[in-house]
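>>> 3D, please:
(chains A and B)
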Amino acid sequence: MFGKKRTRELLLVSFLLTPALLIFFVYRILPLLWNLVLSFTFWRPAKTPEFAGLEHYNEMIFYDDVFWEALSNTIIYMAGMPIAIALATIVALLVNARVGGRNIYRSAIFISYPMMPVAVGIIWQWLYNERVGLINYVLLSLGIIDDPIAFLQSTTYALPSVMLVGIWQILGFFMIILLTGLQSISQNLYEAAAIDGTSNWRQFWRITFPLLRPSLFLCFVIGVISSFTSFDLIYVMTGGGPGHATELLITYIYKTAFELSSFDYAGALTIMMFVLFLGITLIANRIAGGEAGKIE
Amino acid sequence: MATVELKNVIKRYGDLEVVHGVDLAIADKEFVVLVGPSGCGKSTILRMIAGLEDISDGEILIDDTVVNELEPKNRNIAMVFQDYALYPHLTVRQNMSFGLENHKIAKAEIGKRVADASVILGLEDYMDRKPRQLSGGQRQRVAMGRAIVRNPKVFLFDEPLSNLDAKLRGVMRTEIKKLHQRVATTVIFVTHDQVEAMTLADRVVVLKDGHVEQIGTPEEVYHTPASVFVAGFIGSPTMNFITGSVSSSGDSVRLADNFVLTPPEHWHAALAGRREVTVGIRPETFHVADAEDASVLDIKIDVVEPLGSDTMIFFKIDSAEAVARVVPKLGLRSGDTLSVSVDTQAIHFFDPENGQSLRGSEA
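A predicted model of the protein is given here:
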């Protein structure tokens, strides 16, 4: 069926792919399948598993208020991503302009991204602190507030405060992606637009924005992934509290599995999160015309 | 209706001056080609006229109005870029109407102008395609269409044909010439290709290192080049340059032992008193010697290049390489010997020091 040369090539390709596929299978596919199995069983450590049918899903959807709170928090957290992308676009446009010291701005903004989330969480915990935090100090000094605010201990402010940190940390990464996208747009297009008398506003919406679309969608997908996986940041800053005010699905899954030892129920939660995540990514990619991250 | 005038235009990048005081007056509807090797400043001059580069010193006038401080959009010009600069995400139709929409022109009028331009350029069948679905020549036409619909005062072309293959380049050259006859607008065209310059231009501006070497009609720059540079740049194969020694009265120039030229009388005064001179002889100025020739040169042919319509023969005059264009029927082969002579009316003499033509006031 295949020529000799083709067979050899196929063998070589399979051989070279094997290590990567093996790791992917052992650490991604297998746990996912195991979660799927868990989600349909009653399973406690050192006890015989029993078939549970849809019992866990039934409980999750009809009886578990925390699940719904965690889901709604996750969606709110995710809704911060378009804000981050919009901010990153503005920043990228600014540092892409020929201004003095733009390399310094670029580095300063990007530097938040490679920092460890745990370190970021601790730093911001101090910044948000009610008594010694810089943010309260500034707000008080400017007379914007009369009494210090316990940002991370307040059910009103905790989630927005945590979101702000999430946005701050990922902003630099989005900026780099968008900057790369901006720089791949030919300068000649802007010169042609200038000669054609295009206003800056129209130039952005009719030229820059459409040509930046693949980069914007790449940011969106990364943003969605990060809002489903921002475990360490939340866990360090609030632990999901106060109450469940900053509980995300990922922190709830962790607590269910490792603090309550309900691995079976955590498995069901994980499957739910996976389905949601897959759905959002597919829709996003459909809207992007399947071109997320593509460079023209 | 537009004239373009450059008065002592200078461009500096920091301390580096790249355009040194260019003066140029372009008449309404004139087709002017700026030509020169890369780095001669031709594109910079065009971009200054377009308003894409600041003018460091001097003035640029369009229709007698100084435009130094005007934004590109207020200069009423259109430009065709080397890489076409088409918007990749817009269709041909959208690309062509984009500029008009900026100027708040009525939809019906835009549609009409775009349709007219598409007919002129033969793009009717491609109006809903994206640029990436077009060939190089079609993209080139779209870029021109985008310029035409604007009805600009001046068309600027920045090496528009250099991304096309040789055959298509010839076709597009003809189309641009036809287009100019049809729309009758002032055109400034930049190229490094002397054939494009010669075939398209009403007047050619030859540039070198940010200086104007010569401005003239194609015939003028070809037949009365102002310098060795212009003489060598215009014409293919390039002019032969041979050092000759001048007789004291300036009425004869010796190129080789038995080969003495008698320059036409109008050169004598300029040649008198010189010892050496650079003699410029175009390949077609050589001919196979006959009985009427006063002085002939016996050559040994090194290489023969038959082109069909002509044959090029390469040989040496003393140690200098030379090429001659002869009729193809001679059946010459390398190693053959031949007696040649030159048409002394068509030879050029240049100062060997500064390369300027010695023609002086006669030109």
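
>>> Report the rounded mean pLDDT for stretch B:141-151.
Per-residue pLDDT values over stretch B:141-151 give a mean of 89.

>>> same deal with stretch B:283-299?
pLDDT averaged over stretch B:283-299 gives 84.

>>> now stretch B:344-352
For stretch B:344-352, mean pLDDT is 90.

>>> Go ahead and name everything in contact with that stretch.
Outside stretch B:344-352, the residues that touch it by C-beta atoms under 8 Å, 6 or more residues apart in numbering or on different chains are B:223, B:225, B:227-228, B:231, B:239, B:241, B:243, B:253, B:261-264, B:267, B:270-271, B:276-282, B:285, B:356-359. Using the backbone N, CA and C atoms, a C-beta is placed for each residue, glycine as well.

>>> So which elements touch the strand or helix carrying B:Gly280?
If you go by DSSP states H and E, B:Gly280 is part of strand B:276-281. Judged by 3 or more C-beta pairs under 8 Å, 6 or more residues apart in numbering or on different chains; DSSP states H and E, strand B:276-281 is in contact with helix B:228-233, strand B:240-246, strand B:253-256, strand B:348-350.

>>> 6 Å instead, please
Packing partners of strand B:276-281 (3 or more C-beta pairs under 6 Å, 6 or more residues apart in numbering or on different chains; DSSP states H and E): strand B:240-246, strand B:348-350.

>>> any idea what B:Ile10 is structurally, helix, strand or coil?
The three-state label given to B:Ile10 by DSSP: H, G, I helix; E, B strand; the rest coil is strand.

>>> Can you give me the buried ones in whatever helix or strand A:Arg286 lives in?
Assigned by DSSP H and E, A:Arg286 belongs to helix A:263-287. The neighbour-count check on helix A:263-287 (16 or more other C-beta atoms under 10 Å in any protein chain shown) flags A:263-273, A:276-277, A:280-281, A:284-285 as buried.

>>> State the mean pLDDT of that helix.
Across helix A:263-287, the average pLDDT comes to 84.

>>> again with stretch B:64-72
The pLDDT scores in stretch B:64-72 average 90.

>>> likewise stretch B:189-209?
Stretch B:189-209 comes out at a mean pLDDT of 93.

>>> Could you tell me the angle between the strand holding B:Gly280 and strand B:240-246?
Angle of strand B:276-281 versus strand B:240-246, following axes from the mean of the first three to the mean of the last three C-alpha atoms, to 10 degrees, is 140 degrees.

>>> need the residues of the stretch 51-200 of chain B near chain A, please.
Selection of the stretch 51-200 of chain B residues close to chain A by C-beta under 6 Å from any C-beta of the partner chain yields B:Leu52, B:Pro72, B:Lys73, B:Met79, B:Phe81, B:Ala85, B:Pro88, B:His89, B:Gly99, B:Asn102.

>>> Show me the helices in chain B, by range?
Taking DSSP state H as the test, the helices found in chain B are B:42-50, B:92-102, B:107-121, B:136-148, B:166-183, B:194-200, B:218-223, B:228-233, B:265-271.

>>> Mean neighbour count added to those helices, as TSV?
Shown next, in TSV, are these (neighbours: other C-beta atoms under 10 Å in any protein chain shown):
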stretch	mean neighbour count
helix B:42-50	23
helix B:92-102	22
helix B:107-121	16
helix B:136-148	24
helix B:166-183	15
helix B:194-200	21
helix B:218-223	17
helix B:228-233	22
helix B:265-271	16
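
>>> that older thread, check which helices and strands the helix holding A:Arg286 is in contact with.
The helices and strands touching helix A:263-287, judged by 3+ C-beta pairs under 6 Å, 6+ apart, are helix A:30-39, helix A:55-62, helix A:209-229, helix A:249-254.

>>> what's the spacing between the third one and its chain's center?
The one in question is helix A:209-229. Computed by C-alpha atoms, centre = their mean, to the nearest Å, the chain-centroid distance of helix A:209-229 equals 9 Å.

>>> and that helix, which residues are buried?
Using 16+ other C-beta under 10 Å as the test for burial, helix A:209-229 gives A:210-224, A:226-228.

>>> about what we covered before: give me the subset of the residues of the stretch 51-200 of chain B next to chain A lying in strands.
If you go by DSSP state E, those have B:Met79 in strands.

>>> Distance to A:Tyr157 added to the residues of the stretch 51-200 of chain B next to chain A, as a markdown table?
Converted to a markdown table, these look like this (distance: C-beta to C-beta, whole Å):
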| residue | distance to A:Tyr157 |
| --- | --- |
| B:Leu52 | 51 |
| B:Pro72 | 50 |
| B:Lys73 | 48 |
| B:Met79 | 55 |
| B:Phe81 | 53 |
| B:Ala85 | 50 |
| B:Pro88 | 45 |
| B:His89 | 42 |
| B:Gly99 | 50 |
| B:Asn102 | 46 |
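
>>> pLDDT-wise, what's the bottom of the residues of the stretch 51-200 of chain B next to chain A?
Lowest pLDDT of those: B:Asn102, 84.

>>> Give me the residues contacting stretch B:308-318.
Residues outside stretch B:308-318 that contact it (C-beta atoms under 6 Å, 6 or more residues apart in numbering or on different chains) are B:242, B:255-256, B:299, B:301-305, B:322-326, B:328.

>>> Pull out the buried residues from the residues you listed.
Buried residues within the contacts of stretch B:308-318, counting neighbours by 16+ other C-beta under 10 Å: B:Ile242, B:Leu255, B:Ala256, B:Ile299, B:Ile301, B:Val304, B:Ala322, B:Val323, B:Ala324, B:Arg325, B:Val326.

>>> Now that the first one has come up, it's in contact with B:Val279, right?
Yes - using C-beta atoms under 6 Å, B:Ile242 is in contact with B:Val279, at 5.0 Å.

>>> how far does stretch A:38-49 sit from the chain's center?
Centroid separation for stretch A:38-49 versus its chain: 31 Å, with C-alpha atoms, centre = their mean.

>>> Can you give me the buried ones in it?
A:Leu38, A:Ser39, A:Phe40, A:Thr41, A:Phe42, A:Trp43.

>>> Any idea how far apart the tips of it sit?
Start-to-end span of stretch A:38-49 (C-alpha to C-alpha, to the nearest Å) is 9 Å.

>>> same question, stretch A:21-30
One end of stretch A:21-30 sits 12 Å from the other (C-alpha to C-alpha).

>>> sorry, back to before: and the strand holding B:Gly280, which strands flank it?
strand B:240-246 (antiparallel), strand B:348-350 (antiparallel) (DSSP bridges).

>>> do you know how far A:Ala268 is from A:Glu55?
As for A:Ala268, its distance to A:Glu55 is 9 Å (criterion: C-beta to C-beta, to the nearest Å).

>>> so how far is B:Lys130 from A:Pro214?
A:Pro214 is 15 Å from B:Lys130, by C-beta to C-beta.

>>> next one: A:Ala257
Per C-beta to C-beta, A:Ala257 is found 51 Å from B:Lys130.

>>> B:Glu213 now?
Taken as C-beta to C-beta, the span from B:Glu213 to B:Lys130 is 43 Å.

>>> what does stretch A:59-73 rub up against?
For stretch A:59-73, using C-beta under 6 Å, 6+ apart, the contacting residues are A:His244, A:Glu247, A:Leu248, A:Leu249, A:Tyr252.
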